[in-house]
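Chemist: what's the 3D shape of this:
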Amino acid sequence: MNIFSELQFFYLRKISPGFKIKKDALVIDIGSGDKPFWRADVFVDKLSLGNVQRATQFDTIHNLGIFINSDVVKLPFKNKAFDFSFCSHLL
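Modeler: Below you'll find the predicted structure:
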């Protein structure tokens, strides 16, 4: 894959979806890791797993918006609490 293809893929996967969300929508990124979704208001990741599993070897970013240190199968939110959820490369 050349650099143009990689950038295009990244844009389509991580940038473009954010433009389709209403400005007042509440957005959660589940498994935000070291490359959080730019449009999210709430970020969820399990820091206790460490960062060795991340391809980039960068630490989890946890100083944007509201960060929740939680297992993704035990999220502390009611159903339909968010207007949009983003989950990439989690499972």
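Chemist: Looks like residue 44 contacts residue 36 (just checking).
Modeler: No: using C-beta atoms under 8 Å, residue 44 is not in contact with residue 36; the gap is 10.0 Å. For every residue, glycine as well, the C-beta is placed using N, CA and C.
Chemist: what touches both of the two?
Modeler: residue 29 (C-beta atoms under 8 Å, 6 or more residues apart in numbering).
Chemist: worst-scoring helix or strand of the protein, pLDDT-wise?
Modeler: Here the helix or strand of the chain ranked lowest by mean pLDDT, DSSP states H and E is strand 66-69, holding a mean of 86.
Chemist: can you tell me the average pLDDT over the helix or strand just after that strand?
Modeler: Proceeding N to C from strand 66-69, the next assigned helix or strand is strand 84-86, under DSSP states H and E. Averaged across strand 84-86, the pLDDT comes to 93.
Chemist: Contacts for strand 84-86 next, please.
Modeler: Contacts for strand 84-86 (C-beta under 8 Å, 6+ apart): 17, 21, 25, 26, 27, 28, 29, 30, 37, 39, 40.
Chemist: Kind regards, and thank you for your time.
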